[in-house]
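Chemist: Sharing a model that was predicted from the sequence below.
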Amino acid sequence: MTQQAFKVAAIQMVSTPEVEQNFASAARLVAQAAQQGAQLVLLPEYWPIMGMHERDKLGHAERDEAGRIQGFMAQLAREHKLWLIGGTLPMAAASDNKVLNTSLVYDPEGRRVARYDKIHLFNFVKGEENYDEARTIEYGTEVKTFEAPFGRVGLSVCYDLRFPELYRAMGDCALIVMPAAFTHTTGNAHWETLLRARAIENQCYVLASAQGGKHVNGRRTWGHSMLVDPWGEIVSVLPEGEGLVIGDIDPHRLQYVRESLPALRHRKL
C-alpha cells in the first residue's frame, strides 16, 4: 500500500436514452477529472443508458469482454492512464429477458481487473413512483473487491448501500465505491446518512458517484455525489447536475482514525 495521498474523483451525470450522448458526457468529465490530477475515477450507475422504459437496457446488453461500452471504458482508462470504475452497464444474463447490472474496473493500461454484478435489487412504490429492478435485472451473487495502489477497494451499487453486512463481507477496505441512481425521494431521505454511516462503521473512505437531475424519461435522481472520509466527514459534494467531485485518499488520515478509535479490532460478531 502506498503511503502517498491518492486522488480520486466521482463523476455525476444526467444520463439520457442516447448512448453516444452519454459517451460524450462521460469522456468530457473523465478528461476534466484527469486534468485535475485524478488517479481513480468512478462513473455513476446506468451511465451509458437511462432509457425511456426500463426494458430499453435489454437491447444494449453486452457479452463478457465484448461490446462498445466495455471498449469505450477500456480506452478511457488507457488514454488518461487512470483506474476507471465504470458505474454500471447492462451485461448479458442467463435469461434473455433480463440483464445483469454490472460494475467493471479497468487499470491505467485499460485492462479489466474486476467485475461486480449488483446483488441487491431496488423495489419501491410510493404514489406515482413504482420501481422493481427484478423485473428486468438478474441478481448478482458474489461480493467483489480489488487491490488498488492505496489498498483494497470494495465494489457496491446503489441499493446495496442499505445492507451493511455486504460491506463487512468485503474485509478491510481503504475505499468503498458507490455508483448510484438514487431517486429524489429516497435520496433526499437517506443518501447522505447511509454514505456517512458506511464510512464511519468501516473506517474507510466512501466515494459515491450519482445520477443527479431531471432525465429525459421524466425520472428525477438525487445527485449529491460525494467523497466521505473515515471519520464520516464530507470532503466534497456536488448537489445536482453534471460535474465531478474530487479529493484525496489519505493513508495517514485512515491510519489515524483507526488507531484513535480501533472499532474494527473491537468487533465481536
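Modeler: Sure, I can see it. Everything numeric here is computed off the predicted structure, so don't read it as measured data.
Chemist: so residue 55 sits in a helix?
Modeler: Yes. Residue 55 forms part of a helix when assessed by DSSP: H, G, I helix; E, B strand; the rest coil.
Chemist: Do you have the helices of the stretch 151-269 of the chain handy? List them.
Modeler: 164-168, 184-186, 192-202, 251-260 (DSSP state H, counting those that start in this stretch).
Chemist: out of these, deepest packed?
Modeler: Ranked by mean neighbour count under mean count of other C-beta atoms under 10 Å, those are led by helix 192-202, which reaches a mean of 19. Glycine gets a C-beta too; all of them are placed from N, C-alpha and C.
Chemist: could I get that helix in PDB with only the CA atoms?
Modeler: What follows is helix 192-202, C-alpha atoms only, in PDB (Å, rounded to 0.1, in the frame of the first residue of the first chain):
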ATOM      1  CA  GLU A 192     -26.100  11.200   2.900                       C
ATOM      2  CA  THR A 193     -26.900   9.400   6.200                       C
ATOM      3  CA  LEU A 194     -26.200   6.000   4.700                       C
ATOM      4  CA  LEU A 195     -23.000   7.000   3.000                       C
ATOM      5  CA  ARG A 196     -21.600   8.600   6.200                       C
ATOM      6  CA  ALA A 197     -22.700   5.500   8.200                       C
ATOM      7  CA  ARG A 198     -20.900   3.100   5.900                       C
ATOM      8  CA  ALA A 199     -17.700   5.300   6.100                       C
ATOM      9  CA  ILE A 200     -17.900   5.500   9.900                       C
ATOM     10  CA  GLU A 201     -18.600   1.800  10.600                       C
ATOM     11  CA  ASN A 202     -16.000   0.600   8.200                       C
END
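Chemist: ok and that helix relative to helix 251-260, angle-wise?
Modeler: In terms of direction (axes from the mean of the first three to the mean of the last three C-alpha atoms, to 10 degrees), helix 192-202 departs from helix 251-260 by 70 degrees.
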